[in-house]
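**Student:** For reference, the sequence and a predicted model appear below.
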Amino acid sequence: MPYDACPTCRSKVDAVSERYCSTCGVRLDDLEAAPPIDERVPERFRPFGLEEIERSPDIDAIADGGSYEEADA
């Protein structure tokens, strides 16, 4: 089950079933549970361009640890 992060202490919380953070006690009213990002999520909920990043081939590394495409950006 995917967890959300408490906005105050960043501990794992389940925003769907918990009202308060079990670590620091802050209310989770403003926290919205986000759907997991995978193939089961409808396209309208996926970030723009995510599929392009997921499907892109690995970039060859060069000697200094960078990549050939960094200079183009």
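**Tutor:** Yes, it's here.
**Student:** switch to C-alpha atoms for all contacts and neighbour counts from now on
**Tutor:** Will do.
**Student:** Let me know how buried Cys24 is, in neighbour terms.
**Tutor:** As a burial measure, Cys24 scores 12 neighbours (other Cα atoms under 10 Å).
**Student:** give the contact list for it.
**Tutor:** With contact set as Cα atoms under 8 Å, 6 or more residues apart in numbering, Cys24 has these partners: Thr8, Cys9.
**Student:** And it, which helix or strand is it part of?
**Tutor:** Under the criterion DSSP states H and E, no helix or strand holds Cys24.
**Student:** Could you report the distance from it to Val16?
**Tutor:** According to Cα to Cα, to the nearest Å, Cys24 and Val16 sit 18 Å apart.
**Student:** give me the low-pLDDT residue ranges for the protein?
**Tutor:** 1-2, 32-73 (pLDDT under 70).
**Student:** and Val13, bridged to which residues?
**Tutor:** The residues listed as beta-bridge partners of Val13 by DSSP bridges are Asp4.
**Student:** these two touch, right, it and Arg19?
**Tutor:** No. With contact defined as Cα atoms under 8 Å, Val13 and Arg19 do not form a contacting pair (9.3 Å).
**Student:** between those two, who's got more neighbours?
**Tutor:** Neighbours were counted for Val13 and for Arg19 using other Cα under 10 Å; Val13 has more, 22 against 15.
**Student:** what sits against that one?
**Tutor:** Val13 touches Tyr3, Asp4, Ala5, Cys6, Cys21, Ser22, counting by Cα under 8 Å, 6+ apart.
**Student:** Many thanks, I have nothing further to ask.
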